[in-house]
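> no FASTA, just this:
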């Protein structure tokens, strides 16, 4: 499961942009750019939630967990 593109845009902005997000996740800036279209891939999202929970909209992780239980 991936994030919505709006949420991806918010998270990337909170992390300082494509280049800084790419460094944090050890991917290329162009990969991060693709997240703006496709959403943040699950593995990267879980990592980012663990190391920078402040970058996500309030309650985003809770909503995702509830949705995955259904």
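Happy to help now that I have it. Just so it is clear, the model here is predicted, and its values are computed rather than measured. Numbering: from 1, shown residues only.

> Which residue ranges of this structure form helices?
According to DSSP state H, the chain carries its helices in the segments 5-15, 18-25, 29-38, 42-51, 60-69.

> In a markdown table: these, plus mean neighbour count.
For every residue, glycine as well, the C-beta is placed using N, CA and C. Below are the helices of the chain laid out as a markdown table (neighbours: other Cβ atoms under 10 Å):
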| stretch | mean neighbour count |
| --- | --- |
| helix 5-15 | 17 |
| helix 18-25 | 17 |
| helix 29-38 | 15 |
| helix 42-51 | 15 |
| helix 60-69 | 11 |
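
> Would you reformat those helices as JSON lines and include mean pLDDT?
JSON lines is the format used below for those (pLDDT from 0 to 100):
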{"stretch": "helix 5-15", "mean pLDDT": "95"}
{"stretch": "helix 18-25", "mean pLDDT": "98"}
{"stretch": "helix 29-38", "mean pLDDT": "96"}
{"stretch": "helix 42-51", "mean pLDDT": "96"}
{"stretch": "helix 60-69", "mean pLDDT": "55"}
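
> Was I right to think residue 40 contacts residue 48?
Yes: the criterion here is Cβ atoms under 8 Å, and residue 40 meets it with residue 48 at 7.1 Å.

> Mind listing the shared neighbours of those two?
Residues touching both residue 40 and residue 48 by Cβ atoms under 8 Å, 6 or more residues apart in numbering: residue 11.

> mind checking the backbone torsions on residue 39?
Backbone torsions of residue 39, given as degrees, to the nearest 10, read phi 90, psi 160.

> how near is it to residue 51?
With distances taken as Cβ to Cβ, to the nearest Å, residue 39 is found 19 Å from residue 51.

> ok, now residue 15?
From residue 15 to residue 51 the distance is 10 Å (Cβ to Cβ).

> next one: residue 35
With Cβ to Cβ as the criterion, residue 35 and residue 51 are 16 Å apart.
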